[in-house]
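[1] Sequence plus the predicted model coming up.
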There are 2 protein chains.
Amino acid sequence: MSRWEPNARGRLEQAALALYGERGFEQTTVAEIAARAGLTERTFFRHFADKREVLFAGAGSLQDLLVSTLASTPDSAAPIDAITAALEAAGALLQERRQYARQRQAVIAANAELQERELIKLASLASALAGTLRRRGVTDPAASLAAEAGIAVFKIAFERWISLSDQQDLPRFIREALDELKAVTAGK
Amino acid sequence: MSRWEPNARGRLEQAALALYGERGFEQTTVAEIAARAGLTERTFFRHFADKREVLFAGAGSLQDLLVSTLASTPDSAAPIDAITAALEAAGALLQERRQYARQRQAVIAANAELQERELIKLASLASALAGTLRRRGVTDPAASLAAEAGIAVFKIAFERWISLSDQQDLPRFIREALDELKAVTAGK
């Protein structure tokens, strides 16, 4: 068997999510994931450090996209508008993989340890956004607040989007949640 | 030796924080905490499940105070104003124990696992506040957004308050952070 396997990473990801959904994250082994994907454990470990990593490997590229989009918005943009542009870009990316996102969310919702990891991921994203705003000259606490508010908006928009059975526009949910936050903070 | 020890809980808490600060959370044992407090391990375990619990035992009463204050604000109050009233009450409580809060924060900042636990605590507080708003008839996403925004405001106000060397008014920082959030979301 050749060491090179076409789309090994995607096949492993798909197999892992299917198994996590069928029998639970805890009960699934790397050996089972590799077997379901028609690959070896050795191939699995070339792509992922462990079975949890399958669910969080995308966090780095999501953060890169958020930070690079935020950094490239015009300096004249208000912090919250720059954050919104970044979140919409991330939303557009996630939207392309809605089925994956839904499966992943269901697996995470069923496991306390994974929920903790997801919270840490969101906190890291907020921290990265706040740091990027500070490098753009936004002072604290405005930088931290804009970033934390942005992540709260993103989280709530994502949950609404994922809970709907029919395909909808995630960036639109993000804009709507932001409008709602504006109304809420204005005391409406 | 009598089984009843005056202020055993407070002595254990103080001993634990001192040791966590001196030698690190990981390196401290329950036996050492008990010895420093002049108590037995058995007494420790009558008060705390483990050494981590010493740092998070107050989370329940903090949540109770937030929820009960929120639930008792007039129905006519806007969600964000009701949340602010709850956060100010929590701030007034924390303020009474500033030295403890500073020591605790330093211990948590030095340990990744404790930071995760703190994130979970904040997420639980947000969830409890959102649930209380929903019971007051606030619909989603407004309830979730007001709660998440409130916790973001609280977190940032708390960090500013704790980082200052001189005694300051925490509820005032909370109101200022909220005003800042209003300005940020309004695009300023």
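    Alright, I've got the coordinates. Numbers count the residues shown, from 1 in each chain, chains lettered A, B, ... in the order given.
[2] Close to chain B: what parts of chain A are there?
    Taking C-beta under 8 Å from any C-beta of the partner chain as the measure of proximity, chain A contacts chain B at A:78-81, A:116, A:119-120, A:123, A:140-142, A:144-146, A:148-149, A:152-153, A:155-157, A:160, A:177-178, A:180-188. In short, each C-beta sits where N, CA and C put it, glycine included.
[3] would you list every one of the helices in chain A?
    A:8-23, A:30-37, A:41-47, A:53-56, A:59-72, A:79-95, A:98-109, A:112-135, A:142-163, A:170-185 (DSSP state H).
[4] Run through who's touching the second one.
    Residues from elsewhere that reach helix A:30-37 (C-beta atoms under 8 Å, 6 or more residues apart in numbering or on different chains): A:8, A:11-12, A:14-16, A:18-19, A:40-41, A:43-45, A:50-51, A:54.
[5] ok, of these, which come out buried?
    Those of the contacts of helix A:30-37 that meet the buried threshold are A:8, A:11-12, A:14-16, A:19, A:40, A:43-44, A:51, A:54, by 16 or more other C-beta atoms under 10 Å in any protein chain shown.
[6] Need the distance between the two termini of stretch A:43-59.
    Start-to-end span of stretch A:43-59 (C-alpha to C-alpha, to the nearest Å) is 21 Å.
[7] Which residues are in contact with the closest residue to A:Ile33 other than its chain neighbours?
    Leaving aside its chain neighbours, A:Ile33 sits nearest to A:Ala16 (4.7 Å; criterion: C-beta to C-beta, 6 or more residues apart in numbering or on different chains). If a contact means C-beta under 8 Å, 6+ apart, then A:Ala16 has A:28, A:33, A:51, A:54-55 as its contacts.
[8] Which of those sits closest to chain B?
    Closest approach to chain B among the contacts of A:Ala16 (C-beta to the nearest C-beta): A:Leu55, at 16.3 Å.
[9] got the contact list for the closest one?
    By C-beta under 8 Å, 6+ apart, A:Leu55 lies in contact with A:16, A:20, A:104, A:107-108, A:114, A:117.
[10] In CSV: the residues you listed, plus pLDDT.
    Formatted as CSV, the contacts of A:Leu55 follow (pLDDT from 0 to 100):
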residue, pLDDT
A:Ala16, 97
A:Tyr20, 97
A:Arg104, 94
A:Val107, 96
A:Ile108, 95
A:Leu114, 93
A:Arg117, 91
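[11] By neighbour count, which of the residues you listed wins?
    Counting neighbours by other C-beta atoms under 10 Å in any protein chain shown, A:Ala16 leads the contacts of A:Leu55 with 28 neighbours.
[12] for the buried ones among the contacts of helix A:30-37, which one is nearest chain B?
    The closest of the buried ones among the contacts of helix A:30-37, once distances to chain B are taken by C-beta to the nearest C-beta, is A:Lys51, at 19.1 Å.
[13] surely the closest one meets A:Gly24?
    No. Using C-beta atoms under 8 Å, A:Lys51 is not in contact with A:Gly24, being 11.5 Å away.
[14] How much space separates A:Phe158 from B:Ala142?
    Distance, A:Phe158 to B:Ala142, by C-beta to C-beta, to the nearest Å: 17 Å.
[15] got it, and A:Ser127?
    When A:Ser127 is compared with B:Ala142 (using C-beta to C-beta), they lie 26 Å apart.
[16] what does A:Arg117 give?
    A:Arg117 is 28 Å from B:Ala142, where distance means C-beta to C-beta.
[17] Tell me where the model's unsure across chain A.
    A:1-4 (pLDDT under 70).
[18] The same query, at a cut-off of 80, please.
    Residues of chain A meeting the criterion pLDDT under 80: A:1-6, A:165-167, A:188.
[19] related to what we said a few turns ago, for the contacts of helix A:30-37, which one is nearest A:Arg97?
    A:Gln14 (11.1 Å; C-beta to C-beta).
[20] who's in contact with the closest one?
    Going by C-beta under 8 Å, 6+ apart, A:Gln14 touches A:Ala37.
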